[in-house]
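In: Please work out how this folds:
(chains A and B)
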There are 2 protein chains.
Amino acid sequence: MINVAVLGYGTVGSGVVEVLEENNAQVSSRAGERICVKYILDLRDFPGDPYEAKIVHDFNVILQDEEIDIICEVMGGTGAAYQFTKQSLESGRSVCTSNKELVAKHGAELLELAARHSCNYMFEASVGGGIPVIRPMNNALTAEKILAVTGILNGTTNYILTKMDREGAEYDDALKHAQELGYAERNPEADVEGYDACRKLAILSSLMTGKNVDSEKIYTEGISGITSADFSFARAAGMSIKLLALGQSREDGSVTAIVAPFLVPEEHPLAMVKDVFNGILITGNMLGDAMFYGRGAGKLPTASAVAADVVDCARHKGKTVSCVWSREEAGLADISETERAFFVRVKECARREAEAVFQGGRSFSAAGCGSEFGILTPVMKESQFREKYDFLGDSVLGRIRLLG
Amino acid sequence: MINVAVLGYGTVGSGVVEVLEENNAQVSSRAGERICVKYILDLRDFPGDPYEAKIVHDFNVILQDEEIDIICEVMGGTGAAYQFTKQSLESGRSVCTSNKELVAKHGAELLELAARHSCNYMFEASVGGGIPVIRPMNNALTAEKILAVTGILNGTTNYILTKMDREGAEYDDALKHAQELGYAERNPEADVEGYDACRKLAILSSLMTGKNVDSEKIYTEGISGITSADFSFARAAGMSIKLLALGQSREDGSVTAIVAPFLVPEEHPLAMVKDVFNGILITGNMLGDAMFYGRGAGKLPTASAVAADVVDCARHKGKTVSCVWSREEAGLADISETERAFFVRVKECARREAEAVFQGGRSFSAAGCGSEFGILTPVMKESQFREKYDFLGDSVLGRIRLLG
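Out: Have a look, this model is predicted:
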């Protein structure tokens, strides 16, 4: 029997208990031993809850119980969660988590700690919810030199952008709708400003390169500046607008990492990822592109990924599963030196000037946006673009990068 | 050092050697030991080939060399490949294969043999080429009760159908084009009649249920009867036509398995899988839908999957990785008892009769097909549908199932 403790009885925590109980036959048969939830740590009481008797308020009860093999940290945050995770790993207990903030910040250190104590730190649920993506990167695409990861990693923003695209809604209205449906938080900043996607990108880029990519150094831009006019022009160009998280390996071993809205051609597999779904495109040097698609959030999908980690930890009791993510810092390329094409919206009255500045670009108009026009610029360095863009001053109404 | 022998130096075999050499640093670091190709078995000589010195013609040279740890069987067929695989596993060598025919036919037996000799039989490349799907089913979705797998598993037919959809081409012309591009064989039967997809479905359904699904008992229908008129109606109904392989777990433990063309709503993730790409949708009871997408064939993607199996075998030397696929035969549901809706094309002159027969269905017309009309029928048993369809005799011009 493998005894499990669940830290945090919120949405994901109660989901983890539900999955481990509901699918106990599957989970136990695949783990090779019966899996049993022994404790649930939470500060609150849950009178009447079917698992009320398993609730404890003191982490030391769990830490000191030698029967506990695996700990699911689904509390979130980087305070107590960090301390409890370290103590668990130091005591040789494997930890499975959905806590992307903690993984992005301390992943390399915690993996090293796990290896030192012959246990595992697993975080499948930290990116893409229930979509298996961490495990494929670690265990399936092992014969690949991974060249790039390109992902729609945040369901909230994808829902908002899909609504703007389909219904011509403005950003504020789409956000409000997402909040009413519970897809967006009352304080939506972490989602709409791209911070959530940024943390997930740090995790994926670290696994891609094997070095630590610091999420705080990733260039991050959110979607709050996107307008319905942007979508009109995108449609006219046969494209959609997506919040992408992009990590690319460079030949010198450094990484280009950026989170920002991008114009994506309608035929591109990521353009087909709609509503709250996530999609992660992995480009390998032998494989080409493979995409993983599904619900990037939600109680049960996320819990299912945590439970799959529990199975993996049970299968590898006393043995650390290889995960190449060292504490060595990855070099991050200066975004202003990267090259790409841009879409720019310009006031009609400045057409001649703008076309001269972005010589070689393609001008086009969009239905219902008669007083302005769009340019798809040639490929240039971000710094060059910025210069030209600034030069045009008030004549330009917005700009979005193109997925190249 | 882990020594590998590659059986068969054809397209996939030379790809395996290329991946193991080209990405040797990645592969070896992830395997934990240097991976080295020691032998290549082929009946032919390859004068001037960079790996000429590794070519042997006699399998016994490999079998008797105690330095050989892992064998890649990429010969195809179920004759010598079957014998060599058995002998390899019996001698404790793990075998990695892309041979879907052999896996579909003898997978359960060979897995049992591997377990008995503490080695592994791995077949990631047998379904979906380079797309990781076998390993996610075995190692990632372990907390899921898998309810269904729905896949576009054959790139050739998907290319043909995409061409018919996009260009209004007739089947024969699209097939000819696919042959010219090398996407279809001169004798395309195995692809266009659905046999290839059927073998892959047998593998996926066996992994889904844990019991053996016999590919020869799977109801299989190909795409050679699909016409440009079918696509006109599909478009008018907001759908596309895809060759789907569908496996569904039933509550009584049996499986519904079918390979056939289906109408798929344009918003469905599988409708977005175009050209030679494959997509595999896995439905779990906690996860909901997750899709895996990528190139389902091709030398390097397929070879990359074989090489990933090599890494996994190297990591698990002397230990069998759990793969739940027993020799117990899965019960296959009688297709005539399954329920679904259908699309039927009917001659305009028989409208009244057909509408009466398929009462409750939705009639519609399609541009350029004035002398006929379409009906989307209500959901009914296949046997009921067949009766009604036969009753209408020559008035009906075709029928395609609807993905429900």
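In: Going by C-alpha atoms from here, please, whenever you check contacts or count neighbours.
Out: Fine.
In: now the residue lying closest to A:M380 once chain neighbours are set aside: how far from A:E382?
Out: The spatially closest residue to A:M380, leaving aside those adjacent along the chain, is A:E339, at 5.1 Å (Cα to Cα, 6 or more residues apart in numbering or on different chains). Per Cα to Cα, to the nearest Å, A:E339 is found 6 Å from A:E382.
In: Same question for A:Y121.
Out: For A:Y121, the distance to A:E382 - Cα to Cα - is 38 Å.
In: again, but for A:E66
Out: 56 Å.
In: Between these two, point out the one with more neighbours.
Out: Comparing A:E66 with A:E382 by other Cα atoms under 10 Å in any protein chain shown, the one with more neighbours is A:E382, at 19 against 11.
In: mind listing what A:V276 touches?
Out: A:N154, A:G155, A:T156, A:T157, A:N158, A:Y159, A:Y183, A:R295, A:G296 (Cα atoms under 8 Å, 6 or more residues apart in numbering or on different chains).
In: Kindly report the same for A:T209.
Out: Contacts of A:T209 by Cα under 8 Å, 6+ apart are A:I146, A:S249, A:G253, A:V255, A:W325, A:A330.
In: correct me, but the third one touches A:G331?
Out: Yes - under the contact definition of Cα atoms under 8 Å, A:G253 touches A:G331, with a separation of 7.4 Å.
In: and these two? which has more neighbours close in?
Out: A:G331 (17 against 13).
In: Without its sequence neighbours, what residue ends up closest to the more buried one?
Out: A:S254 (4.5 Å).
In: What parts of the stretch 1-150 of chain A come near chain B?
Out: A:19-20, A:23, A:26-27, A:30, A:130-132, A:135-136, A:139-145 (Cα under 8 Å from any Cα of the partner chain).
In: Of those, just the buried ones, PyMOL syntax please.
Out: The PyMOL command for the buried members of the residues of the stretch 1-150 of chain A next to chain B (criterion: 16 or more other Cα atoms under 10 Å in any protein chain shown) is given here:
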select buried, chain A and resi 19+20+23+26+27+30+130+131+132+135+136+139+140+141+142+143+144+145
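In: how much space between the residue nearest to A:M380 and A:Q384?
Out: 9 Å.
In: Counting neighbours, go ahead and name the busier of those two.
Out: Counting neighbours by other Cα under 10 Å for A:E339 and for A:Q384 shows that A:E339 has the greater number, 16 against 12.
In: The more buried one pairs with what?
Out: Beta-bridge partners recorded for A:E339 (DSSP bridges): A:K381.
In: what does stretch A:323-334 contact?
Out: A:107-109, A:111-112, A:138, A:206-207, A:209-214, A:217-218, A:253-257, B:30.
In: what distance separates that stretch from the centre of its chain?
Out: With Cα atoms, centre = their mean, to the nearest Å as the basis, stretch A:323-334 stands 17 Å off its chain's centre.
In: Now it: buried residues?
Out: Neighbour count says stretch A:323-334 has A:C323, A:V324, A:W325, A:S326, A:R327, A:A330, A:G331, A:L332, A:A333, A:D334 buried, by 16+ other Cα under 10 Å.
In: What ranges does the stretch 301-404 of chain A have for its helices?
Out: Remark: helices assigned in the stretch 301-404 of chain A by DSSP state H, counting those that start in this stretch are A:351-357, A:382-392.
In: can you check chain A too?
Out: Counting by DSSP state H, chain A has these helices, from start to end: A:11-22, A:24-31, A:59-63, A:80-90, A:100-116, A:134-135, A:155-167, A:171-180, A:189-192, A:195-209, A:228-236, A:299-315, A:351-357, A:382-392.
In: Tell me which residues of the third one come out buried.
Out: Think helix A:59-63. Quick answer for helix A:59-63 (16+ other Cα under 10 Å): A:F59, A:I62, A:L63.
In: Also the first one?
Out: Along helix A:11-22, the positions that meet the burial threshold by neighbour count (16+ other Cα under 10 Å) are A:V12, A:G13, A:S14, A:G15, A:V16, A:V17, A:E18, A:V19, A:L20, A:E22.
In: so can I have TSV of these showing distance to B:D173 and pLDDT?
Out: Shown next, in TSV, are the buried residues of helix A:11-22 (distance: Cα to Cα, whole Å; pLDDT from 0 to 100):
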residue	distance to B:D173	pLDDT
A:V12	53	96
A:G13	56	97
A:S14	56	97
A:G15	52	97
A:V16	53	98
A:V17	55	98
A:E18	53	97
A:V19	50	97
A:L20	53	97
A:E22	51	95
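In: quick one: which of those residues is nearest to A:E372?
Out: Checking the buried residues of helix A:11-22 against A:E372 with Cα to Cα, the nearest one is A:V12 at 46.7 Å.
In: so who does the closest one touch?
Out: Here A:V12 is in contact with A:V74, A:G298, A:K299, A:L300, A:T302, A:A303 (Cα under 8 Å, 6+ apart).
In: residues touching the second one, list them.
Out: So that's A:G298. Applying Cα under 8 Å, 6+ apart to A:G298 gives the contacts A:V12, A:G129.
In: same thing with the first one?
Out: If you count contacts by Cα under 8 Å, 6+ apart, A:V74 has them with A:V6, A:L7, A:G8, A:Y9, A:V12, A:G13, A:T97, A:S98, A:N99.
In: hmm, back to that, would you convert the contacts of A:T209 into JSON lines that also reports pLDDT and distance to A:Y39?
Out: Output for the contacts of A:T209, formatted as JSON lines (pLDDT from 0 to 100; distance: Cα to Cα, whole Å):
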{"residue": "A:I146", "pLDDT": "96", "distance to A:Y39": "39"}
{"residue": "A:S249", "pLDDT": "96", "distance to A:Y39": "42"}
{"residue": "A:G253", "pLDDT": "88", "distance to A:Y39": "44"}
{"residue": "A:V255", "pLDDT": "96", "distance to A:Y39": "41"}
{"residue": "A:W325", "pLDDT": "94", "distance to A:Y39": "31"}
{"residue": "A:A330", "pLDDT": "96", "distance to A:Y39": "38"}
